[in-house]
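K.L.:
fold the following.
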Amino acid sequence: QVQLVQSGPGLVKPSQTLSLTCNVSGTSMLVDQSWWIWIRQPPGKGLDWIGYVSHTDSTNYSPSLKSRASVSRDTSRNQFTLQLRSVTPDDTAIYYCARVSNMAYDSWGQGTQVTVSS
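P.N.:
The predicted structure follows:
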């Protein structure tokens, strides 16, 4: 069974870079052909897709976040990360990592509440 465990700070100051890590267990990212995804949910709103990294290290991002977001993976550590640069209070949200396998979201991280505030 694949498990995703998130880590990272819950408070980030405006203009800084938000960095979150998703540690993967139960599968090897070296051979797993899934997509590794980051999603967020702002307070009182629905889920927003941020971006993903594939098993070939190709990436794709939401147009609204493309200029600030980076998703990458480290197969030696079996983890993938999100970096979101130049954050503002509008980036306050619960952030989730997830796996898409066979066109379905089948594993989720526990969620990380990130607040952007000075």
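K.L.:
for the helix or strand of the chain with the lowest mean pLDDT, packing partners?
P.N.:
Lowest mean confidence among the helices and strands of the chain (mean pLDDT, DSSP states H and E): strand 104-108, at a mean of 94. Here strand 104-108 touches strand 3-7, strand 93-101, going by 3 or more Cβ pairs under 8 Å, 6 or more residues apart in numbering; DSSP states H and E. Every C-beta, even on glycine, is put in place using the N, C-alpha and C of the backbone.
K.L.:
in CSV: these, plus mean neighbour count.
P.N.:
Shown next, in CSV, are the helices and strands packed on strand 104-108 (neighbours: other Cβ atoms under 10 Å):
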stretch, mean neighbour count
strand 3-7, 16
strand 93-101, 21
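K.L.:
which one, of these, ends up nearest to Thr21?
P.N.:
Taking Cβ to Cβ, strand 3-7 is the member of these nearest to Thr21, at 5.0 Å.
K.L.:
related to what we said a few turns ago, what average pLDDT does the next helix or strand along the chain from the least confident helix or strand of the chain get?
P.N.:
With elements assigned by DSSP states H and E, the helix or strand that comes after strand 104-108 is strand 112-116. The pLDDT scores in strand 112-116 average 98.
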